[in-house]
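In: just the structure for this:
(2 chains)
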Amino acid sequence: MERLEEYLRQAKRLPAGPRILPQLIELLKKEDANSGNVVHLITFDPALTARVLQVCNSATYAGSQPAADVHQAVARLGFGEVYKIVARVISEQALAPAQKGYGIGKGELWEHCGVTAVAAQAIAEDLGLDAQSAFTTGLLHDIGKLILSTVLESTYHQLIEETERKQCSLLEAERTVLGADHAQVGGRILAEWKFPAVLINAVTHHHDPAAAPAEDRKLAACVYMANMVAAITGHSYGYQALALQGRGEALDILGITRDRLPIYMIKTIDAARKASLIRAA
Amino acid sequence: MPAPSTAPVTSFEQKHVVSVADLAVSSNPGLQLITYSLGSCIGITIFDPVTRVGGLLHAMLPDSKIDPAKAAAQPAMFIDTGIPALFRAAYQLKAEKHRVQICLAGGAQVIDTGGFFSIGKRNYELTKQILSHHGLVVRAEQVGGVVGRTMILNLRTGEVRLRVSGENQDTILWKG
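Out: Numbers count the residues shown, from 1 in each chain, chains lettered A, B, ... in the order given. Have a look, this model is predicted:
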């Protein structure tokens, strides 16, 4: 655990963007969400505003007339959709750089997390879970890798040896080699940033949803499944990208059978293509 | 200021990206067909060395029965509809069945003793079954494991290369 604290001290160097997401989530929870507050929070950052408008006006969303400012975007698409665009833009900025310690190239961690987010949303919608929380957790589930990648740059060969020799998952290898895993680190980062407890717990337990507190187990299992869907459909990168532990209990928690997996794969690929998350050139 | 390079341009290869659940065929020798992100999906390349017609399929799931409407709209989504679609498209460009060189990659698996997520294995088994049913032989393959793969077919030479995620160098799967 000491090493976990040591890693967390490095978290100060992380991009600050995701810090505004908990504030937005809080605002959106209120029935009478005041659009002025939401717009104020977004437009505080001019670069973010420009990117958000660019996405709002892209082929995925574009209506007859482009939105000229965030007020118009909210009026046209609604708070929920604008929140998702903001979360996407912020996560992309944080997750786009290469993560050398994991052998993950530029843009690849972002693609993985974007695909996981649309998968989590599709699964949540299918099962009547909170789709917005599922989407956000999917976007941020691997944020702990940003910290551990730096440490791994000098020790990654141990990680690969460990997974190959013991046929164990990357997560277990992280624990052996680093004394902490990216899910724990990610959960702690979200706690520092004051995300709601359910998101913190879902990120912390996204590889082992049965260990999550009972009330947050379904979201953790939803993101577990989404991460699996992303990996199986090939949207997972770096060394031993599919060294994930298959857990039948995740299906039990969600009350589904294995037959549902192909359906979620199809829904995910369709959604990821529509949201321009899949590399095409 | 360094002198501008006078080395002649010896190649002008164009890339065509085949997305997941998609396929492409071509007889343009200046083209490379490339598919990223084969996880449990199967990548199949075919190449006729005489007519220089080649194709690449990136299929995601074994059996189209789970969604016939999807299979009709997007046959490359499934192994059982994608393979016939790939061959039909190549035959139209004058590829001959008895000449085509077939290579396979992908079919990776998560660590899953319970068999809950074993799509990669089922994809691979059905691929082999369909190909052998039609008397088609696979020249080279690299399948299974826990790695992601990129597959590239060079339509000038018929060479098939693979790039394993996390590794810097391509490997040659089939020399063409």
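In: number of nearby residues for A:Ala68?
Out: Look at A:Ala68: counted by other Cβ atoms under 10 Å in any protein chain shown, it has 10 neighbours. From N, CA and C alone the C-beta is placed, and that goes for glycine too.
In: next up, identify which helix or strand it is on.
Out: A:Ala68 is part of no helix or strand when elements are defined by DSSP states H and E.
In: contacts only, for it.
Out: By Cβ atoms under 8 Å, 6 or more residues apart in numbering or on different chains, the contact set of A:Ala68 is A:Leu53.
In: go on, A:Ile189?
Out: A:Ile189 makes contacts with A:8, A:11, A:14, A:143-144, A:147, as judged by Cβ under 8 Å, 6+ apart.
In: of all those, the one with the weakest confidence?
Out: The lowest pLDDT within those belongs to A:Ala11, which sits at 77.
In: can you pick the most crowded of the contacts of A:Ile189?
Out: In terms of neighbour count, A:Gly144 stands highest of these at 28 neighbours, by other Cβ under 10 Å.
In: is it true that that one touches A:Val185?
Out: Yes - between A:Gly144 and A:Val185 there is a contact at 3.4 Å, judged by Cβ atoms under 8 Å.
In: any low-confidence regions in the chain?
Out: Defaulting to chain A. A:1, A:31-34, A:63-64, A:280-281 (pLDDT under 70).
In: right idea, wrong chain: chain B
Out: For chain B, the stretches with pLDDT under 70 are B:1-12.
In: can you list the residues of it near chain A?
Out: B:15, B:17, B:19-21, B:36-41, B:60-61, B:66-67, B:70, B:77, B:106, B:108-117, B:119-120, B:145-148, B:165-167 (Cβ under 8 Å from any Cβ of the partner chain).
In: how about a cut-off of 6 Å?
Out: Neighbours of chain A within chain B, by Cβ under 6 Å from any Cβ of the partner chain: B:17, B:20-21, B:36-41, B:61, B:66, B:108, B:110-112, B:114, B:116-117, B:119, B:146, B:148, B:165-166.
In: please identify the helix or strand for B:Ser40.
Out: In the assignment (DSSP H and E), B:Ser40 maps to no helix and no strand.
In: what does A:Thr150 give?
Out: Using DSSP H and E, A:Thr150 falls in helix A:144-152.
In: outside of that helix, which residues touch it?
Out: Residues outside helix A:144-152 that contact it (Cβ atoms under 6 Å, 6 or more residues apart in numbering or on different chains): A:7, A:10-11, A:14, A:99, A:101-102, A:182, A:185-186.
In: sorry, back to before: show only the entries of the residues of chain B next to chain A found in strands.
Out: B:17, B:36-38 (DSSP state E).
In: closest one to chain A out of those, please.
Out: B:Ser37 (3.3 Å; Cβ to the nearest Cβ).
In: run a quick neighbour tally on that closest one.
Out: Neighbourhood size, B:Ser37 [other Cβ under 10 Å]: 28.
In: who's in contact with residue 86?
Out: I'll assume chain A. A:42, A:52.
In: hmm, I had chain B in mind actually
Out: Contacts of B:Leu86 were listed using Cβ under 6 Å, 6+ apart, and they are B:23, B:55, B:57.
In: can I get those residues in a markdown table with secondary structure?
Out: Listed next are the contacts of B:Leu86 as a markdown table, based on DSSP: H, G, I helix; E, B strand; the rest coil:
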| residue | secondary structure |
| --- | --- |
| B:Leu23 | strand |
| B:Gly55 | strand |
| B:Leu57 | strand |
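In: count of neighbours near residue 88?
Out: I went with chain A, as the question did not name one. By the measure other Cβ under 10 Å, the count of residues near A:Arg88 is 23.
In: that was the other one, I meant chain B.
Out: Using other Cβ under 10 Å, B:Arg88 is surrounded by 12 other residues.
In: helices of chain B, residue ranges please.
Out: Here chain B has its helices, by DSSP state H, at B:68-73, B:79-92, B:119-133.
In: tell me the buried residues in the first one?
Out: Taking 16 or more other Cβ atoms under 10 Å in any protein chain shown as the basis for neighbour counts, the residues of helix B:68-73 that come out buried are B:70-71.
In: kindly report the same for the last one.
Out: By neighbour count on 16+ other Cβ under 10 Å, the buried set for helix B:119-133 is B:119-124, B:126-128, B:130-131.
In: closest to B:Val50 out of those?
Out: Using Cβ to Cβ, B:Leu131 is the member of the buried residues of helix B:119-133 that lies nearest B:Val50, at 20.3 Å.
In: OK, contacts around the residue of the stretch 151-281 of chain A found nearest chain B?
Out: Closest to chain B within the stretch 151-281 of chain A is A:Gly246: 2.9 Å, counting by Cβ to the nearest Cβ. Neighbouring residues of A:Gly246 by Cβ under 6 Å, 6+ apart: B:110, B:112, B:116-117.
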